[in-house]
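Student: Here is my input, please return the structure:
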Amino acid sequence: MRNTRIMKNICTYGLMIILGLFLASCSKSVMGKKVKEPFSSSKYESNNKYFRAVGKGVSKKNNIAKGKADIEAKRILAGQVGTNVKAVTDQYLGDTSNEIGSEVGDKFQSLVREVMNTSIADLRLIGQEKFHNGTDYSVFMAYEIKKKAMFKFLKKQAKTSAKLNDKEQDLLDRIMDREIERLEAIDELED
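Tutor: Sure thing, here's the model as predicted:
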């Protein structure tokens, strides 16, 4: 009887060990091997002075892979700019009670989308790498935009927009001026 219990315990522990080893081996193969891609350091991440993004494109044709990487990086940048501008606008409008605030916020977001669809101010290519494995090309592109330059460009575009009346124009100028001053203060601290 005692030998039977010992055998059951040995079998139970043995099964647990085998099951544990099986699960451990499965979990490694599910995720795959970790790969470090180009431009993955903090040098290529957005910070308080720059919007930054990295795009990757893969194709059998070099120019198509490059185009895909370019589009992906710019799409990411456009999203960052839009999100940041919305936060700046919301913060300003929250700090100052303004009767036309929400209307201006909506028009400003529309202006930002329009600007991002046509051109991105002060866009700089800060890195590009290409790989070929015999079949496919993989292209990585890293871009940055200086935040201060982007806000100055948006301010200039807002002045020429026919969609804004004088009150809205004035409010947007104040929002942009406030953010540009904040970014200039950051530049001065770092110099």
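
Student: C-alpha only now, for contacts and for neighbours.
Tutor: Noted.

Student: State the distance from the most centrally placed residue in the chain to K152.
Tutor: When the chain is reduced to its mean C-alpha position, the nearest residue by Cα atoms, centre = their mean turns out to be I76, at 4.8 Å. Taking Cα to Cα, to the nearest Å as the measure, I76 and K152 are separated by 20 Å.

Student: same check, this time on I145
Tutor: 12 Å.

Student: Tell me the buried residues in stretch 65-74?
Tutor: A65, K66, G67, K68, A69, D70, E72, A73, K74 (16 or more other Cα atoms under 10 Å).

Student: could you list every residue that touches the last one?
Tutor: Neighbouring residues of K74 by Cα atoms under 8 Å, 6 or more residues apart in numbering: A53, G55, Y143.

Student: now these in TSV, with pLDDT, neighbour count and secondary structure?
Tutor: Shown next, in TSV, are those (pLDDT from 0 to 100; neighbours: other Cα atoms under 10 Å; DSSP: H, G, I helix; E, B strand; the rest coil):
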residue	pLDDT	neighbour count	secondary structure
A53	96	24	strand
G55	96	23	strand
Y143	96	23	strand
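
Student: tell me the mean pLDDT for the biggest helix by length in the chain?
Tutor: Ordering each helix of the chain by length in residues (DSSP state H) puts helix 62-95 first. Mean per-residue pLDDT for helix 62-95: 86.

Student: what stretches of the chain score poorly on pLDDT?
Tutor: 1-16, 19-31, 95-120, 191 (pLDDT under 70).
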